[in-house]
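1. pasting the structure only:
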């Protein structure tokens, strides 16, 4: 199982999509996390004062997205949140409650002991900058920064792991933490697929809008019989990494019923992105998204046998043996 970041303030809840969770399948069962799950960011600590330093030097790996080496802290660390933009990016501005994609390294001020880093895993962290999802130091230090930036920060216990520390990571309750964060990208409720439009020439299949302005795309369902097999076609083809069968993804999506065209679920209407593992959704989603590229918009038509069959979720508005139609924007692979 992929090692989870110790940055998580609480275990990341495995999202059951309203209209996409398959409670009957074995793959829908939540797997236990083997990583620390401190609840520091759920505290009621007041917002920190943000200062320029002191901060230890980055002595090697000074380029963006290059694994850094950071010196041991000199003297006493600040009791405030010290933040410095080492490399200024020019991408989208990060806001609180956005999801960020970032590489990072974390170490203890007093010892320079590295307790976590994503560079060695060769997998950037994708996480929401929201209270309860990540330590507060990140929430306050990264809001307002731009994608493409490298940020150096020192986080006192108050906005880190609190007095309890994090024993699994070797962090004491008195430890100030030093982080280098390379912000690769940021995503919010206005994020959309980015890629090349693909012709939709089959009149027997729904046609999905190609707008990329963050608004929900239209889904026009033809007045024909629904297909009996899974359909998973590009509407917009991105150029990112291919999604694997065991991947977790960050998405925008909209779902309608084939029979009526009525929307039954949508991240757009909630103004909130969602993330989930492909091992924890209905087979139509897991099979339909496997092999597709990050950055893409995908039309998925899910026949009943790969959806909910005769057991749709209560209150979902989905009838038994319904064929479901989705537009899914794959924003990131987690």
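-> The structure has been received and is ready for your questions. As the structure is a computational prediction, the values presented were derived from the model and not from experiment.
2. just give me the neighbour total for the nearest residue to residue 231 once chain neighbours are set aside.
-> Taking Cβ to Cβ, 6 or more residues apart in numbering, and ignoring the residues beside it in sequence, residue 231 has residue 301 as its nearest neighbour in space, at 3.8 Å. C-beta: built from backbone N, CA, C; applies to glycine. Neighbourhood size, residue 301 [other Cβ atoms under 10 Å]: 23.
3. likewise residue 76?
-> Using other Cβ under 10 Å, residue 76 is surrounded by 10 other residues.
4. let me see the ranges of the helices in the stretch 151-300 of the chain.
-> If DSSP state H, counting those that start in this stretch is used as the criterion, the helices of the stretch 151-300 of the chain fall at 267-270, 283-289.
5. let me know which of those is tucked in deepest.
-> The highest mean neighbour count among the helices of the stretch 151-300 of the chain belongs to helix 283-289 (a mean of 23), with neighbours defined as mean count of other Cβ atoms under 10 Å.
6. and that one, average pLDDT?
-> Rounded to a whole number, the mean pLDDT of helix 283-289 is 96.
7. just how off-centre is that helix within its chain?
-> Here helix 283-289 is found 19 Å from its chain centre; the criterion is Cα atoms, centre = their mean, to the nearest Å.
8. then stretch 250-258?
-> With Cα atoms, centre = their mean, you get 17 Å for stretch 250-258.
9. now swap in stretch 245-263 and tell me
-> Distance, centroid of stretch 245-263 to centroid of chain: 17 Å (Cα atoms, centre = their mean).
10. buried stuff in that stretch?
-> By neighbour count with 16 or more other Cβ atoms under 10 Å, stretch 245-263 contains the buried residues 247-258, 263.
11. likewise for stretch 86-99?
-> Neighbour counts over stretch 86-99 (16+ other Cβ under 10 Å) mark 86, 89, 92, 94, 97-99 as buried.
12. residues making contact with that stretch?
-> Contacts of stretch 86-99 with the rest of the structure, by Cβ atoms under 8 Å, 6 or more residues apart in numbering, involve 58, 62, 64, 100, 126-130, 139, 142-152, 180, 183, 185-188, 250, 273, 275, 331-332.
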